[in-house]
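>>> pasted the sequence and its predicted model underneath.
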Amino acid sequence: NAGVTQTPKFQVLKTGQSMTLQCAQDMNHNSMYWYRQDPGMGLRLIYYSASEGTTDKGEVPNGYNVSRLNKREFSLRLESAAPSQTSVYFCASQLPGQGANGYTFGSGTRLTVV
Amino acid sequence: GQQLNQSPQSMFIQEGEDVSMNCTSSSIFNTWLWYKQDPGEGPVLLIALYKAGELTSNGRLTAQFGITRKDSFLNISASIPSDVGIYFCAGQLGQSNNNDMRFGAGTRLTVKP
């Protein structure tokens, strides 16, 4: 099915461990985004990629790195997980030229850091 | 970044009742959007508004882009159990591929049958 696919769906990490959250879209979208969702905080942008080969920081980039591997895939890496990174992470992609109307979200990765 | 104030934080209503929620900002936006998030899923776009004063409907949902461009509301008429979820407002300055979208904290809606 077309859309944005995130893996894994759930993950528990120990403080200091590293992991990569995967995101892939098959809609030929240029732009991809990583958000985190915390209770009472809405969605906050971590990093985004306007096109293949480019990445930029969002509102809360500290503690994260990203890779736009190709047009389809945009991964988010936590090098040394901290309890403050416990959150639900959403990947999104956007159809070129459609601005805000084109956001499609994945179903999320629920990460717990203990 | 710009802050969006969304209210109420949560609502508990009876099936059949109408619902109203709103979003305000200290800054101007050129686009207002309303998303719904079902449990365990990502947000899904309900309505997009592009012009100050615009009133748009999508079935039982109606949303308006405030005249000042600093606010928007969403109404749901004759609520049904499947309306349960979290509703997010979002504002965006431009209509290009960049990072200027901001989200409200969400309104959690519970509908009692």
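Sure thing, it's come through.

>>> excluding its backbone neighbours, what's nearest residue 109?
In the absence of a named chain, chain A is used. By the measure of C-beta to C-beta, 6 or more residues apart in numbering or on different chains, the closest residue to residue A:109 outside its immediate chain neighbours is residue A:89, 4.6 Å from it. C-betas here are computed from N, CA, C, even on glycine.

>>> meant chain B actually
Closest residue to residue B:109 apart from its sequence neighbours, by C-beta to C-beta, 6+ apart: residue B:11 at 5.2 Å.

>>> same check on residue A:60?
That would be residue A:44: by C-beta to C-beta, 6+ apart, it lies 5.0 Å from residue A:60.

>>> quick check, pLDDT for the residue nearest to residue A:109.
If you check residue A:89, the pLDDT there is 98.

>>> the residue nearest to residue B:109: which element?
strand B:10-14 (DSSP states H and E).

>>> and the helices in chain A?
With helices called from DSSP state H, chain A shows none.

>>> what does the helix or strand bottoming out on mean pLDDT in chain B contact?
Within chain B, confidence by mean pLDDT, DSSP states H and E is lowest for strand B:101-103 among all helices and strands, at a mean of 84. Here strand B:101-103 makes contact (C-beta atoms under 8 Å, 6 or more residues apart in numbering or on different chains) with A:42-45, A:100, A:103, B:1-4, B:25, B:88-92.

>>> do the same with stretch A:8-23
Residues from elsewhere that reach stretch A:8-23 (C-beta under 8 Å, 6+ apart): A:4-7, A:32, A:34, A:73-83, A:89, A:91, A:106-114.

>>> write the PyMOL selection for whichever of those are buried.
The PyMOL selection below is limited to those of those classed as buried (16 or more other C-beta atoms under 10 Å in any protein chain shown):
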select buried, chain A and resi 4+5+6+32+34+73+74+75+76+78+81+89+91+106+107+108+109+111+113
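
>>> now, which of the contacts of stretch A:8-23 lie within strands?
If you go by DSSP state E, the contacts of stretch A:8-23 have A:4-7, A:32, A:34, A:74-78, A:89, A:91, A:109-113 in strands.

>>> for residue B:82, what are phi and psi?
The phi/psi pair for residue B:82 (degrees, to the nearest 10) reads phi -70, psi 0.

>>> then residue A:8?
The phi/psi pair for residue A:8 (degrees, to the nearest 10) is phi -80, psi 180.

>>> residues near it, how many?
Residues within reach of residue A:8, counting by other C-beta atoms under 10 Å in any protein chain shown, total 11.

>>> for chain B, see how far away it is.
In this view, residue A:8 and chain B are 13 Å apart by C-beta to the nearest C-beta, to the nearest Å.

>>> would you mind measuring from that residue to residue B:79?
Distance, residue A:8 to residue B:79, by C-beta to C-beta, to the nearest Å: 34 Å.

>>> so how far is the worst-scoring helix or strand of chain A on mean pLDDT from its chain's centroid?
Among the helices and strands of chain A, strand A:103-105 carries the lowest confidence by mean pLDDT, DSSP H and E, at a mean of 88. Going by C-alpha atoms, centre = their mean, to the nearest Å, the spacing between the C-alpha centre of strand A:103-105 and its chain's C-alpha centre is 11 Å.
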